[in-house]
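Visitor: mind looking at a prediction? Sequence and model below.
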Amino acid sequence: MTSLTNYKYAHFIVTSPGPYVAHVEINRASKLNAFHRNMWLEFGDIFDKLSHDPEVRAVVLSGAGDKAFTAGLDVKAAAEEGVIAGGGASEDVARKATALKRYIFEFQECITRMEKCEKPVICVLHGVSIGLAIDIATCADIRIAAQNAHMAVKEVDVGLAADIGSLARLPKVVGNSSWIKDVCFTARPFSPEEALAVGFVSRVLPDKKSAVEAALQLAGKIAGKSPVAVQGTKELLNHARDHSVDENLRYTAIWNAAMVQSEDVKKALMAGLTRKTPTFEKL
């Protein structure tokens, strides 16, 4: 395992456990990996870099320590920040609302950068995985849960509607509106088995170690494929999610009009004929 260059952060560890694979760990275990503002700014910067890093073709995200993926927002830290606490702010409602809106937009955008990352992202949910954990997980391409994962869309229990992505993305991820409203209205916890049954996660492993190992193995398999093909597949699947069939077919045709001219297509075809494992250039 090696560190990737230019990935030095106060609250995240970024390593390369295998060729073209990055492992991002939320590194604030003493606080159950709960987020404050500097953390989401770092998070957004990391996924911006990973998106364009030719040394990376697949990403695994997990939390440091055994207790939590993330317990969500660090409420104490948020209460001390100027926008939330109202320190120095005007008493005018419109001005206070504008400041808070900008704060939320910034938070949303930083987390959304994981979804916009060109590389496939595999999220490992383990231990405490509530609130912001679900926002983050819905940005991932693949979700794997450890048996001890304790998941919940927790925001109604702190008096607000979830605002960093769960309500926007869960209906795209899980095709069961009744279940989504059940967990979002009540903030009740749901088990890995329940998450698997509704399609929120694709696998459940006995513990964090085996879940991370499975994620890294999957990332390694993805990283061995043509980056042109994999990144194109992610782009087209996400476009299909948000557009009609006709719109997606047209976009796919335009996309592939350029991409099928890649040398990767020739290499993959020849590898199939010769039964040799192909290697692909960096992208």
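Guide: Everything's here; your move.

Visitor: show me what residue 26 is bridged to.
Guide: Beta-bridge partners for residue 26, by DSSP bridges, are residue 12, residue 63.

Visitor: the protein: helices as residue ranges?
Guide: Ranges of helices in the chain, per DSSP state H, are 37-52, 75-80, 82-85, 93-116, 132-139, 166-173, 177-186, 192-198, 208-223, 227-242, 245-259, 263-274.

Visitor: switch those helices over to JSON lines; also include distance to residue 14.
Guide: All C-beta atoms are positioned from the backbone trio N, CA, C, and that covers glycine. Listed next are the helices of the chain as JSON lines, based on distance: least, CB to CB, whole Å:
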{"stretch": "helix 37-52", "distance to residue 14": "6"}
{"stretch": "helix 75-80", "distance to residue 14": "22"}
{"stretch": "helix 82-85", "distance to residue 14": "28"}
{"stretch": "helix 93-116", "distance to residue 14": "13"}
{"stretch": "helix 132-139", "distance to residue 14": "16"}
{"stretch": "helix 166-173", "distance to residue 14": "24"}
{"stretch": "helix 177-186", "distance to residue 14": "31"}
{"stretch": "helix 192-198", "distance to residue 14": "26"}
{"stretch": "helix 208-223", "distance to residue 14": "14"}
{"stretch": "helix 227-242", "distance to residue 14": "19"}
{"stretch": "helix 245-259", "distance to residue 14": "28"}
{"stretch": "helix 263-274", "distance to residue 14": "26"}
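
Visitor: will you turn the ones you listed into TSV that also has mean pLDDT?
Guide: Formatted as TSV, the helices of the chain follow (pLDDT from 0 to 100):
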stretch	mean pLDDT
helix 37-52	97
helix 75-80	80
helix 82-85	64
helix 93-116	94
helix 132-139	98
helix 166-173	97
helix 177-186	98
helix 192-198	98
helix 208-223	98
helix 227-242	98
helix 245-259	98
helix 263-274	88
